[in-house]
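J.: Attaching a predicted model along with its sequence, questions to come.
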Amino acid sequence: MRKLVDGLLVDWGVSIRRACQALRFDTSSYHYKSRRTGQAGLELRIREICETRVCYGYRRIHVLLRREGWQVNIKKTRRIYNELGLQLRSKHPKRRVKAKLREDRQEATGPNEVWAMDFVHDQLALGKKLRILTIVDIHSRYCPATDPRFAYRGEDVVQTLERVCRQVGYPQTIRVDNGTEFISRDLDLWAYANDVTLDFSRPGKPTDNGFSKRSTVSCGRNA
């Protein structure tokens, strides 16, 4: 994919950001590849993945590395993972690397560039609790889904997303928190298969996605 981006840069003279948008390729992945330098680069990338996906073990980290083009076997991934002490990392780690990356976020300039997805909780008159999955387009403020259920799993989130995307198209990025449904393998595989970037907020930092939270709550209440 990086070669395709490079081709657009040369042939059309566009910026890296525009080339990546045209190919629905995450700009951060493009830059990660460009700064790989052997062992040090691999260690840095593993740390960065752990910063944003705090519940991932070395096996799922290895899958992400292979997707990005790293030529590394799973034994080496596990060794580095253990040497860096990541299997003992805190449930509330400092996220300096990810926080720095968030400063470079580009504002959504069109529909289906960035969606926000979150749960809103409600309760029926008889006391039974309800969970409402809400999806909001950051640019247009359009809410393509408010899906209420008594229980939600990762595969249910995928089911709702697939139904919505067939109607309005696929987004480039979806901003989510680190809830169990959003870090599930089902959602990870769906996002990879459809070239959608999952942008995780930092645990305990709702201000990372302040607009997203407000929009999804408002969308859920108006459903």
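T.: Arrived safely, thanks for sending.
J.: who touches the most far-flung residue of the chain relative to its centre in this structure?
T.: Among residues of the chain, the one most distant from the C-alpha centroid is Leu126; the distance is 36.1 Å, by CA atoms, centre = their mean. Counting by CB atoms under 8 Å, 6 or more residues apart in numbering, Leu126 touches no other residue. C-beta: built from backbone N, CA, C; applies to glycine.
J.: and if you look at Val72?
T.: 42, 62, 65-66 are the contacts of Val72 under CB under 8 Å, 6+ apart.
J.: re earlier: what separation do you get for the residue farthest from the centre of the chain and Phe150?
T.: 12 Å (CB to CB, to the nearest Å).
J.: Residues in a beta bridge with the spatially most central residue of the chain, which ones?
T.: For the chain, the residue nearest the mean C-alpha position is Leu198 (1.3 Å; CA atoms, centre = their mean). Beta-bridge pairing for Leu198 (DSSP bridges): Ile174.
J.: Surely it and Leu187 touch.
T.: Yes. With contact defined as CB atoms under 8 Å, Leu198 counts as touching Leu187 (7.1 Å).
J.: Now, of the contacts of Val72, which are buried?
T.: 42, 62, 65 (16 or more other CB atoms under 10 Å).
J.: Give me the distance between the second one and Ala108.
T.: Relative to Ala108, His62 is positioned 32 Å away (criterion: CB to CB).
J.: Tell me the first helix or strand C-terminal of the least confident helix or strand in the chain by mean pLDDT.
T.: Least confident helix or strand, the chain: helix 96-102 with a mean of 38, by mean pLDDT, DSSP states H and E. With elements assigned by DSSP states H and E, the helix or strand that comes after helix 96-102 is strand 114-123.
J.: which strands and helices sit next to the following helix or strand past that next one?
T.: Once the chain leaves strand 114-123, the next helix or strand it forms, by DSSP H and E, is strand 129-137. Contacts defined by 3 or more CB pairs under 8 Å, 6 or more residues apart in numbering; DSSP states H and E place strand 129-137 against strand 114-123, strand 145-149, helix 154-168, helix 210-221.
J.: Ala151: what secondary structure?
T.: The three-state label given to Ala151 by DSSP: H, G, I helix; E, B strand; the rest coil is coil.
J.: my guess is it meets Arg131, correct?
T.: Yes. Here Ala151 reaches Arg131: they are 7.2 Å apart, a contact under CB under 8 Å.
J.: more crowded one of the two?
T.: Set Ala151 next to Arg131 and count neighbours by other CB atoms under 10 Å: Arg131 wins out with 17 against 8.
J.: residues touching that one, list them.
T.: Contacts of Arg131 by CB under 8 Å, 6+ apart are 119-121, 148-152.
J.: Please tell me how far Val157 sits from Ser201.
T.: Val157 is 16 Å from Ser201, where distance means CB to CB.
J.: next one: Ile74
T.: Looking at Ile74 against Ser201, where the rule is CB to CB, the gap reads 29 Å.
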